[in-house]
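>>> Return a 3D structure for these sequence lines:
(2 chains)
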Amino acid sequence: MVAQMIESWNLVIGIEIHAQVNSKSKLFSPSPTDFGSKPNSQVSLIDAAMPGMLPVINKFCIEQAVKSGIGLNAKINKKSIFDRKNYFYQDLPQGYQISQFKDPIVGEGFVEIETENGQKKIGVERLHLEQDAGKSLHDQDPNFTFVDLNRSGIALMEIVSKPDMSSPEEAVEYVRKVRSILRYLGTCDGNMEQGSLRADVNVSVNKPGNELGTRCEIKNLNSFKFIHAAIVYEAKRQIKLIEQGESVNQETRLFNTQSGETRSMRSKEDAHDYRYFPDPDLLPLTLDDDWIKVLQDSIPELPDQIKKRFINEYSLSSYDANIIVSDKATSEYFEDVVKNRNPKLVTTWVTGELFSILNKKNLIIEDSPITSKQLGELVDNIENGKISNRQAKEVLEEMCESGKGALEIIDEKGLSQISDENEIESLVDIVLNSNPENVKKYKNGKDKLFGFFVGEAMKLSKGKANPKIVNDLIKKKLSQ
Amino acid sequence: MEFDKKSLLKLGKLARISISDDKLNNLSQDLNSILEFVDQLKEIRTDQVDPTSNSLNQKLEVRDDKVENKNSTEDVLENAPEKEMNFFVVPKVIE
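Predicted coordinates for the structure are as follows:
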């Protein structure tokens, strides 16, 4: 759809992801990092940049950056340097952000994403550690800004991609994939609503064969939907400008989540001059081989590997495997249920019925009202023919409401499916014997009546008869 | 390196400090004399020395990921000229 609107134009997209390190304390101070606390209740004198305070780096944050780098198939730099990025803003009490400029902790890597045309490698330029800023509230007072420094100094990993994406869909897939990898690694919780993961998107357009267009950067997008919408809007805006004979200005833009438009925030002329220089308070960060090895050994199985394994071990389709492994909790849940069970049936029940319940209730799988063990029990009862698929849906809903187990509900409701052939045969006999006219018509070629017989037999069994056995028996009897 | 008035005004703008015309001359002279002083470092021959970002043979100190929250909100806000509802209150600057 988008492709049509911007046909004959190339889109070039690069993304910076800011991922909050999953640490208890901040990057250079021991203050807590909890979300949603009382304003300025998690601020040390270091975070407030009181004179004389010195930063001491959090070892855990270094380790998470290295692990993330390994997860992004990237080069780990054994020596990296912290720089001061100088700019004035009221929520940056130091007057500079401690970041890494020329020598980041992680160098080039890549991630693989699924696209319409198969797999695509997206290059990662670098990953570096830096401090988050505080939070400014502009809407509390007409003349003043309120500043909360709780977030000030929290550790972020900035992950910079190469400009390798060429559609909004690819951009979203890339962010999804990076988020998923970080969540598997446990280095970032990936909570976009709380701002633990946000993206700055660089967009430019050009005609195939021509040189790259001027890019604009859209700041601080915190949902997949917004990333997609902002890129679509921005690409169309730039194309329109060029087609009208105007040119695109290099600038930083903001996305308005209400209107779906981007607006200029600052132009190239007003761009910051960050005057980077090495932070004299911090020595270079060096990583020795042993330390890197320990971290390497702690890397869990990552989504790409798990996907391959699911396809091999459980014969899942690439499509289903993708859905299941995209989220760590989902793949763990799936694997809990699938053990010693029919993978196809389990896939259907996890990605179909369970997902639809979770969607309806707006829950994540971690908060699923049905545990993996409970779903397993339900699947067992489908597999051994005790209940039909249709009945199982009813049972699942009831499980969800009451918290009771599948078997308990099946017994309570008397749902148990009749699979006993003799019992079903007697039902079928009753149906056929009481409808001699229809039997005759059927035998004379009125095939459609088959459904009628099945329906009658099911009705007679109060819906409990195993439909497959009913079908088979009626077919057998009518062909006699 | 010389600090002309243009660079000084740019620096002032980046730091959100307004510099009045009558102070421009003195200030740029002051800054230039500081720069001249620091420029003496250029006299040292460093072509035989590896570039380094510090002159000490020390390693970066690290700490464990342990939470300490010693400073109360009151401590942190104590020196703030304006505060309200536990926020710092500052002149409005919107980016």
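
>>> Can you tell me which residues in chain B are near chain A?
Proximity of chain B to chain A, by Cβ under 8 Å from any Cβ of the partner chain, involves residues B:10, B:14-16, B:53-54, B:56, B:58-73, B:75-77, B:82, B:84-95. Every C-beta, even on glycine, is put in place using the N, C-alpha and C of the backbone.

>>> so of those, which ones are in helices?
B:10, B:14, B:73, B:75-77 (DSSP state H).

>>> Mark which of those residues are buried, thanks.
B:73, B:76-77 (16 or more other Cβ atoms under 10 Å in any protein chain shown).

>>> So which residues make contact with stretch A:231-250?
A:2, A:5-6, A:9, A:11, A:13, A:168, A:171, A:201, A:203-205, A:213-216, A:218, A:253, A:255, A:260-262, A:264, A:267-268 (Cβ atoms under 8 Å, 6 or more residues apart in numbering or on different chains).

>>> Which residue lies nearest the spatial centre of chain A?
With distances taken as Cα atoms, centre = their mean, residue A:176 lies nearest the centre of chain A, 5.0 Å away.

>>> send the alpha carbons of the helix or strand harbouring that residue over as CSV?
Assigned by DSSP states H and E, residue A:176 falls within helix A:168-185. Taking C-alpha atoms only, helix A:168-185 is exported to CSV below (Å, rounded to 0.1, in the frame of the first residue of the first chain):
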residue,chain,number,x,y,z
PRO,A,168,8.4,1.3,7.2
GLU,A,169,7.7,-2.4,7.5
GLU,A,170,11.4,-3.3,7.5
ALA,A,171,12.0,-0.6,10.1
VAL,A,172,9.4,-2.0,12.4
GLU,A,173,10.7,-5.5,11.9
TYR,A,174,14.2,-4.3,12.7
VAL,A,175,13.1,-2.7,16.0
ARG,A,176,11.0,-5.7,16.9
LYS,A,177,14.0,-8.0,16.3
VAL,A,178,16.4,-5.9,18.3
ARG,A,179,13.9,-5.7,21.1
SER,A,180,13.3,-9.4,21.0
ILE,A,181,17.0,-10.1,21.2
LEU,A,182,17.5,-7.8,24.2
ARG,A,183,14.6,-9.3,26.0
TYR,A,184,16.0,-12.8,25.4
LEU,A,185,19.3,-11.6,26.7
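
>>> by contact count, what packs against it?
Under the contact criterion of 3 or more Cβ pairs under 8 Å, 6 or more residues apart in numbering or on different chains; DSSP states H and E, helix A:168-185 touches strand A:10-20, helix A:59-71, strand A:109-115, strand A:118-131, strand A:197-206, helix A:224-243, helix A:303-314, helix A:328-338.

>>> How many residues are close by residue A:160?
17 (other Cβ atoms under 10 Å in any protein chain shown).

>>> And residue B:58, by the same measure?
9.

>>> Turn the buried ones among the ones in helices among the residues of chain B next to chain A into JSON lines, columns for distance to residue A:71.
Output for these, formatted as JSON lines (distance: Cβ to Cβ, whole Å):
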{"residue": "B:73", "distance to residue A:71": "37"}
{"residue": "B:76", "distance to residue A:71": "36"}
{"residue": "B:77", "distance to residue A:71": "40"}
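
>>> Where does the prediction get shaky in chain B?
When residues are selected by pLDDT under 70, those of chain B lie in B:1, B:52-54, B:94-95.

>>> Counting residues, which strand of it comes out longest?
In chain B, taking DSSP state E as the definition, the longest strand is strand B:87-91.

>>> ok, now how distant is residue A:350 from chain B?
35 Å (Cβ to the nearest Cβ, to the nearest Å).

>>> Would you point out which residue is most central in chain B?
Residue closest to chain B centre, computed by Cα atoms, centre = their mean, is residue B:15 at 9.3 Å.

>>> Quick one: the helices and strands packed on helix A:168-185 as a markdown table, columns for mean neighbour count, mean pLDDT and distance to residue A:81 too.
Converted to a markdown table, the helices and strands packed on helix A:168-185 look like this (neighbours: other Cβ atoms under 10 Å in any protein chain shown; pLDDT from 0 to 100; distance: least, Cβ to Cβ, whole Å):
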| stretch | mean neighbour count | mean pLDDT | distance to residue A:81 |
| --- | --- | --- | --- |
| strand A:10-20 | 22 | 97 | 20 |
| helix A:59-71 | 23 | 98 | 13 |
| strand A:109-115 | 19 | 95 | 19 |
| strand A:118-131 | 20 | 96 | 10 |
| strand A:197-206 | 23 | 97 | 23 |
| helix A:224-243 | 19 | 96 | 31 |
| helix A:303-314 | 17 | 95 | 32 |
| helix A:328-338 | 21 | 94 | 33 |
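
>>> domains of chain A?
A:2-294, A:301-413, A:421-478 (automatic domain parsing).

>>> Specify the helix with the largest residue count in chain B.
Chain B, longest helix under DSSP H: helix B:21-39.

>>> Give me the buried positions along that helix.
For helix B:21-39, by 16+ other Cβ under 10 Å, it's B:27-28, B:32.

>>> Ok, stretch A:98-108 next?
Neighbour counts over stretch A:98-108 (16+ other Cβ under 10 Å) mark A:98-101, A:103-107 as buried.

>>> Leaving out the residues flanking it, which one is nearest to residue B:15?
Using Cβ to Cβ, 6 or more residues apart in numbering or on different chains and skipping residues adjacent in sequence, the residue nearest residue B:15 is residue A:88, 5.6 Å away.

>>> how near is the one you found to residue A:274?
11 Å (Cβ to Cβ, to the nearest Å).

>>> Could you do residue A:262 as well?
Applying Cβ to Cβ, the value for residue A:262 to residue A:274 is 23 Å.

>>> Show me which of those two is the more surrounded one.
Neighbours were counted for residue A:262 and for residue A:274 using other Cβ under 10 Å; residue A:262 has more, 24 against 16.

>>> gap between that one and residue A:101?
Applying Cβ to Cβ to residue A:262 and residue A:101 gives a distance of 27 Å.

>>> With residue B:85 instead?
For residue B:85 relative to residue A:101 (Cβ to Cβ), the value is 37 Å.

>>> Could you do residue B:51 as well?
Residue B:51 is 15 Å from residue A:101, by Cβ to Cβ.

>>> Check residue A:255 too.
When residue A:255 is compared with residue A:101 (using Cβ to Cβ), they lie 27 Å apart.

>>> One more: residue A:133?
17 Å.

>>> can you check residue B:18 too?
29 Å.

>>> Also residue A:298?
28 Å.

>>> With residue A:74 instead?
For residue A:74, the distance to residue A:101 - Cβ to Cβ - is 17 Å.
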